[in-house]
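>>> sequence first, then the predicted structure:
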Amino acid sequence: MTKYPQSPGACVAKMAHYMRTETTLSPRSIQFYSETAHAVIEILNRIKAESLPYKITEKDIRLLLDEMEDMGLARNTQKGYIAALRRITEFYDNNAIKRMNLRWPADSRPNADWLTLDQAKRLLALKKTPLQELGVHLELCLGLRRIEILRMKTEDIHDSYITVRGKGQMGGKLRNVPYHRDTINVLTAFNRYRQDLIEAARSRRPASTAVPEEYVIRLEGSVLRTYDPDGWGWDKTVIVPMREALGFQFSNHTLRRTFGRIMYRASVPVATIAQIYGHESTDVTLRYIGVDLDDMSAAMGLCPI
């Protein structure tokens with residue numbers, strides 16, 4: 001068995017040496033892969049995911065993808081980071097990224113985008129399935145991440161708030177998010193839908209129906225399943241049909257960012273928005289909500305002199 005370096009930095013150095021001496025890659029390409037691999041490893045360390053290239057798993061990569069979304073990195077930047085990570089993981093015989101068959105959205109816009117207020121209202125008014133209604137509400141009205149929705153358990157739903165399991169390993173840090181004025185109605189409708197799924201499964205296989213502890217479930221044949229954490233099945237069922245019906249582009253993160261943007265424009269303090277989001281730093285929140293010319297003009301109008 002090949003003895004691999006015991007530190008991420010040494011792993012990058014070994015790969016760079018191999019590329020310089022055994023490949024025809026240009027010095028510029030070698031520099032890109034080396035520097036980008038170091039940057040990705042730094043992110044993995046910060047979110048307490050595995051950073052040794054030969055040990056990185058699909059779970060670590062999903063956490064990285066979520067973190068890059070939170071950082072507001074442009075789509076092409078994210079692709080570059082994943083390309084560098086794939087280069088070094090495959091150098092150490094780790095095919096985790098290849099197995100994931102990642103699907104990227106068609107556009108390359110930065111993720112630091114928002115719906116306009118009119119678009120948000122159109123989305124809320126759109127006729128939706130109970131699953132779509134739940135997803136839109138939790139992301140657009142409570143500011144949850146997609147992975148936080150998929151991790152929710154029935155025990156996390158309380159009378160006036162939801163206990164949210166953060167994005168880190170093993171569910172990350174917990175936080176409590178209070179209900180929006182429409183949350184009870186949305187949860188009530190989804191509870192009926194969820195119970196219908198359970199009863200349908202039991203009617204097909206009465207003796208062997210296991211109900212997942214996760215709140216969001218789906219019925220596959222006669223088996224109740226959860227959604228894959230990478231979110232593709234969720235997006236295909238929830239997001240894509242609504243985009244097609246409305247005729248404008250948005251992602252799960254667009255809805256989450258729009259929540260913060262609307263709260264900010266309603267004069268909610270940035271520190272409060274950060275707490276709801278689960279951000280450790282308001283710097284990240286500021287990148288989410290952005291400040292444009294309208295905001296600066298409004299600030300000038302408040303100047304007392």
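Structure's in. What do you need?

>>> can you give me the buried ones in the helix or strand where residue 234 lies?
For residue 234, the enclosing helix or strand under DSSP states H and E is helix 232-234. Buried positions in helix 232-234, judged by neighbour count with 16 or more other CB atoms under 10 Å: residue 234. From N, CA and C alone the C-beta is placed, and that goes for glycine too.

>>> following element in sequence after that helix, please.
Where DSSP H and E defines the elements, the next helix or strand beyond helix 232-234 is helix 240-246.

>>> return the residues in contact with residue 200.
Applying CB atoms under 8 Å, 6 or more residues apart in numbering, we find residue 200 in contact with residue 219.

>>> please disregard the earlier target; I meant residue 4.
Contact analysis of residue 4 by CB under 8 Å, 6+ apart lists 11, 52, 54, 92.

>>> what is the neighbour count of residue 272?
Neighbourhood size, residue 272 [other CB atoms under 10 Å]: 13.

>>> what pLDDT is listed against it?
pLDDT for residue 272: 94.

>>> that older thread, from the contacts of residue 4, which land in helices?
For those, membership in helices holds for residue 11, with DSSP state H as the criterion.

>>> of the contacts of residue 4, which is the most crowded?
Result: residue 11 is most packed of those (other CB under 10 Å), 22 neighbours.

>>> assign residue 200 to helix, strand or coil.
Here residue 200 is recorded as helix under DSSP: H, G, I helix; E, B strand; the rest coil.

>>> now it: how far from residue 194?
The gap separating residue 200 from residue 194 is 11 Å, by CB to CB, to the nearest Å.

>>> residue 219: what secondary structure?
Once three-state DSSP is applied, residue 219 turns out strand.

>>> now swap in residue 162 and tell me
Looking at residue 162 with three-state DSSP, the answer is strand.
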